[in-house]
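**Student:** Next one to model:
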Amino acid sequence: MWQALVVICLIASPTECLTLEDQHWFENERRCKSRVFEMAEDVHLYMKSYKPKSYQCRKLKGGMLTK
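**Tutor:** Residues are numbered from 1 along each chain as shown. Below is the predicted model of the structure:
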């Protein structure tokens with residue numbers, strides 16, 4: 001399983017960042033990456049003073065839900 005994460009930072013203060021975690025897990029990395037880009041595109045709609053900075057598709061170990 002894969003978990004999608006997007007790091008977003010304040011436009012006015014690029015060192016103040018948050019990590020967004022999707023609440024769904026994905027069977028493969030390709031689908032996870034697709035979701036990451038959807039999340040990044042929507043940041044400006046919900047958090048206008050933030051912009052996406054980076055992303056990660058984290059492979060979860062067996063029996064693990066989050067890191």
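
**Student:** Confirm residue 20 sits in a strand?
**Tutor:** Yes - assessed with DSSP: H, G, I helix; E, B strand; the rest coil, residue 20 lies in a strand.

**Student:** Please give the element, helix or strand, for the residue nearest to it when sequence neighbours are not counted.
**Tutor:** Distances taken as CB to CB, 6 or more residues apart in numbering put residue 6 closest to residue 20, at 4.7 Å, once the chain neighbours are dropped. For every residue, glycine as well, the C-beta is placed using N, CA and C. In this structure, residue 6 sits in strand 2-10 according to DSSP states H and E.

**Student:** Against which helices or strands is that strand packed?
**Tutor:** strand 17-26, helix 29-46, strand 50-59 (3 or more CB pairs under 8 Å, 6 or more residues apart in numbering; DSSP states H and E).

**Student:** could you give the mean pLDDT of the first one?
**Tutor:** Strand 17-26 carries an average pLDDT of 95.

**Student:** what's the burial count for residue 48?
**Tutor:** The tally of other residues near residue 48 (other CB atoms under 10 Å) stands at 9.

**Student:** ok, residues contacting stretch 17-29?
**Tutor:** Identification of contacts with stretch 17-29 by CB atoms under 8 Å, 6 or more residues apart in numbering yields 1-10, 32, 35-36, 39, 43, 50, 53, 57, 59-60, 65-66.
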